[in-house]
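In: Need the 3D shape of this:
(one chain, ligands or ions: 1)
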Amino acid sequence: MIYKSGCSDGILGILPSWTPRRCGVLLLNLALIISLYINSDNIRNSLLANIKTLQESGKDSFPFQHHGVQKKRLPQAIIFGAKKCGTKALLRMINLHPHVVACKNEGHFFENDRKTGMNLNYVHGLEWYQEKMPLTYEDQITIDKTPSYFVSADSPKRIHDMNSSIKLILIVRDPTTRVIGDYAHVVSRNEVQLPEFEQEVIKPNGEVNKGSFIVIPSLYAEHMSRWLPWFKRDQILVVDGEKLISDPLTQITKVEKFLNIKPYIKEDNFYWNSTKGFYCMRSEVTEFCLVPTKGRPHPEVKPEIIYKLRKFFAPLNDQFYEMVGHNFSWPSS
Ligand SMILES: Nc1ncnc2c1ncn2[C@@H]1O[C@H](COP(=O)(O)OS(=O)(=O)O)[C@@H](OP(=O)(O)O)[C@H]1O
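Out: All right, here's what the predicted structure looks like:
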């Protein structure tokens with residue numbers, strides 16, 4: 001099991017309980033001491049940077065296994081949606097891979113503000129965006145995740161302008177469950193005053209309120225139709241958010257394949273936490289669950305409202321399946 005391997009496999013067999021990361025830090029510190037004697041600023045600075053990365057990464061990887069120099073690079077992959085579908089879980093899971101480095105915060109670079117339509121960050125230019133990126137080696141993939149790109153009209157072209165061969169990852173879940181999760185999210189943040197769930201999503205005439213901002217992100221086919229003209233279908237991986245919850249490894253294995261990185265993440269990297277009610281993650285150096293705002297309790301919704309939403313989404317789901325080339329196991333009514 002990767003998280004149990006120690007220095008015993010390497011030259012430091014005398015320290016069998018040490019993890020590769022701790023061994024790496026020790027070796028680099030020894031090299032640093034030697035570099036003081038040979039008096040080379042270049043070597044010393046590079047060693048200091050490697051020690052820092054290794055200590056902060058929490059990853060089971062030696063920085064000196066990587067190629068080239070560390071620098072900030074524009075993302076080669078983006079998780080671009082959909083909101084409340086498991087984008088953070090997906091990012092944290094794939095970030096366990098030593099050849100992936102996730103942005104700490106959402107980039108929010110390509111989209112305009114939803115309410116004002118104003119250009120927020122794009123106006124600052126790509127150098128500004130690149131400056132927000134984490135340090136990576138040449139053989140590591142930088143990933144930004146910003147769910148609001150999916151629903152934004154400007155993002156597809158702007159992302160294409162930055163890198164027409166970028167890899168895009170979309171995670172989607174049952175659109176009805178997503179709307180309910182979005183409602184719970186907005187209510188708990190108290191940013192806007194929302195009516196009861198039913199009043200928000202069903203219009204007085206009994207139709208589903210397509211214009212509600214908690215319904216809009218679930219109109220997957222509508223948003224997807226803006227991305228497909230810009231990118232080849234094989235540039236976009238669609239991950240099943242429901243399966244990511246019940247069986248994360250199968251979805252993460254697909255992501256590794258899509259990113260063209262060697263299979264690394266294994267069953268041992270996930271463990272079920274019954275208090276959280278979700279899988280949590282484990283690497284050689286750390287164990288963590290997502291924060292409590294991920295996996296909030298959903299409000300109870302009347303079965304007839306659920307039925308109405310599912311009926312409304314069913315034909316849109318069919319359109320979406322056709323666009324992406326496969327079905328999902330979402331309930332249809
Ligand atoms: N392992 C694990 N732990 C916790 N939560 C998990 C996990 N896998 C998927 N999820 C689901 O992620 C949902 C939050 O989605 P996002 O991260 O995309 O939300 S956000 O748009 O960034 O706010 C969140 O939605 P809610 O249940 O509605 O809170 C979770 O259902």
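In: Other residues contacting the helix or strand containing residue 304?
Out: Using DSSP states H and E, residue 304 maps to helix 303-324. Here helix 303-324 makes contact (C-beta atoms under 8 Å, 6 or more residues apart in numbering) with 172, 175-176, 179, 197-198, 201-202, 206, 208, 218-222, 224-225, 228, 233, 236, 238, 327-328, 330-333. Quick note: C-beta positions are derived from backbone N, CA and C, even for glycine.
In: In strands only, show me the residues you listed.
Out: 172, 236, 238 (DSSP state E).
In: Take those and lay them out in a markdown table including neighbour count.
Out: What follows is the ones in strands among the contacts of helix 303-324, written out as a markdown table (neighbours: other C-beta atoms under 10 Å):
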| residue | neighbour count |
| --- | --- |
| 172 | 26 |
| 236 | 20 |
| 238 | 21 |
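In: Adding distance to residue 99, write those residues out as a markdown table.
Out: Below are the ones in strands among the contacts of helix 303-324 laid out as a markdown table (distance: C-beta to C-beta, whole Å):
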| residue | distance to residue 99 |
| --- | --- |
| 172 | 25 |
| 236 | 20 |
| 238 | 22 |
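In: burial measure for the residue in the stretch 51-200 of the chain that the ligand sits nearest to, as a count.
Out: Residue of the stretch 51-200 of the chain nearest the ligand, by C-beta to the nearest ligand atom: residue 181 (2.5 Å). Neighbour count for residue 181, taken as other C-beta atoms under 10 Å: 23.
In: go on, residue 116?
Out: Counted with other C-beta under 10 Å, residue 116 comes out at 8.
In: ok, the closest residue to residue 131 other than its chain neighbours - contacts?
Out: Among residues not flanking residue 131 along the chain, residue 72 sits closest, at 6.4 Å (C-beta to C-beta, 6 or more residues apart in numbering). Neighbour list for residue 72: 130, 131, 133, 134, 135, 136 [criterion: C-beta under 8 Å, 6+ apart].
In: Just the buried residues from those, in PyMOL please.
Out: Of the contacts of residue 72, the buried ones go into a single PyMOL selection, burial set by 16 or more other C-beta atoms under 10 Å:
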select buried, resi 130+133+134+135+136
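In: Report the two of the contacts of residue 72 separated the most.
Out: The span of the contacts of residue 72, defined through C-beta to C-beta, is set by 131 and 136 at 13.6 Å.
In: Which residue ranges of the stretch 1-150 of the chain form strands?
Out: 71-72, 77-81, 100-102, 135-136, 141-145 (DSSP state E, counting those that start in this stretch).
In: Tell me which of those strands is the most buried.
Out: Ranked by mean neighbour count, these are led by strand 77-81 with a mean of 27 (mean count of other C-beta atoms under 10 Å).
In: and that one, does that touch the ligand?
Out: No - using C-beta under 6 Å from any ligand atom, strand 77-81 stays clear of the ligand, coming no nearer than 8.2 Å.
In: quick one: that strand to chain centroid distance?
Out: Average the C-alpha atoms of strand 77-81, do the same for its chain, and the two points are 7 Å apart (C-alpha atoms, centre = their mean, to the nearest Å).
In: Other residues contacting that strand?
Out: For strand 77-81, the surrounding residues in contact (C-beta under 8 Å, 6+ apart) are 87, 90-91, 107, 141-151, 155, 159, 166-172, 217, 223, 227, 259.
In: Kindly recompute the last result at 7 Å.
Out: For strand 77-81, contacts defined as C-beta atoms under 7 Å, 6 or more residues apart in numbering pick out 87, 90-91, 141, 143-147, 149-151, 155, 159, 166-171, 259.
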